[in-house]
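Colleague: predicted structure and sequence below. I'll ask about it afterward.
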Amino acid sequence: MTLNQRLKKFRVASGLTQQQVADVLNLDRSTYAYYEAGKTTPDIKSVNKLLKIFNITYYQLVDEPDPTLEVNDSKKDEDDISSMNIYELSKNEKQLVINYRMLSPKQQEDLLYSLSSDSHEKRRKTRKSSGDEGSAE
């Protein structure tokens, strides 16, 4: 399977449109379509973003064995990419996942902390205000 075929396979498996991927890469849709058609190849910066978007390794994209993995008797099905599918999500949820994957690990951690802190704070305020209302009556 060629690089352009793998790009399409991973994009389709992720439930994304060419436009969604192109938007994250800051490209015209036609430029990304050329990648999938095999007319052009993405630069290294785009490749790195594609790895994050599709949640795959470089070796999965270029279809080479990962030299860091141990040799194993059982062969994993090369077409089994179900673990990274996000196709059951809504359009907004997919965009959120893509945006999250584009963040650095530190930014991801900060975002998750912020979300959990905001949620915890809102619950605390809600409980406090409902407790106050009950005592006022």
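Modeller: Cool, got the structure.
Colleague: domains in the chain, by residue range?
Modeller: Domain segmentation of the chain under automatic domain parsing yields 1-64+81-102, 103-137.
Colleague: most tightly surrounded among these?
Modeller: Highest mean neighbour count among the domains of the chain (mean count of other C-beta atoms under 10 Å): domain 1-64+81-102, with a mean of 15. From N, CA and C alone the C-beta is placed, and that goes for glycine too.
Colleague: could you pull out the helices for the protein?
Modeller: Per DSSP state H, the chain carries helices over the ranges 3-13, 18-25, 29-37, 44-54, 58-62, 91-101, 105-136.
Colleague: what comes into contact with the fifth one?
Modeller: Contacting residues not belonging to helix 58-62 are listed as Leu3, Arg6, Leu7, Phe10, Val47, Leu50, Leu51, Phe54, Pro65, Asp66, Ile81 [C-beta atoms under 8 Å, 6 or more residues apart in numbering].
Colleague: I'd like those written out as a markdown table, with pLDDT and distance to Ser104 added.
Modeller: What follows is the contacts of helix 58-62, written out as a markdown table (pLDDT from 0 to 100; distance: C-beta to C-beta, whole Å):
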| residue | pLDDT | distance to Ser104 |
| --- | --- | --- |
| Leu3 | 91 | 26 |
| Arg6 | 93 | 25 |
| Leu7 | 94 | 24 |
| Phe10 | 93 | 22 |
| Val47 | 94 | 17 |
| Leu50 | 94 | 17 |
| Leu51 | 93 | 14 |
| Phe54 | 92 | 18 |
| Pro65 | 72 | 28 |
| Asp66 | 63 | 23 |
| Ile81 | 47 | 25 |
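Colleague: ok, so of these, who is nearest Glu93?
Modeller: Nearest to Glu93 out of the contacts of helix 58-62 is Phe54 (C-beta to C-beta; 16.0 Å).
Colleague: how far away is the closest one from Ser30?
Modeller: The spacing between Phe54 and Ser30, counted by C-beta to C-beta, to the nearest Å, is 20 Å.
Colleague: same question, Leu50
Modeller: 17 Å.
Colleague: over to Ile56?
Modeller: Distance from Ile56 to Ser30, by C-beta to C-beta: 24 Å.
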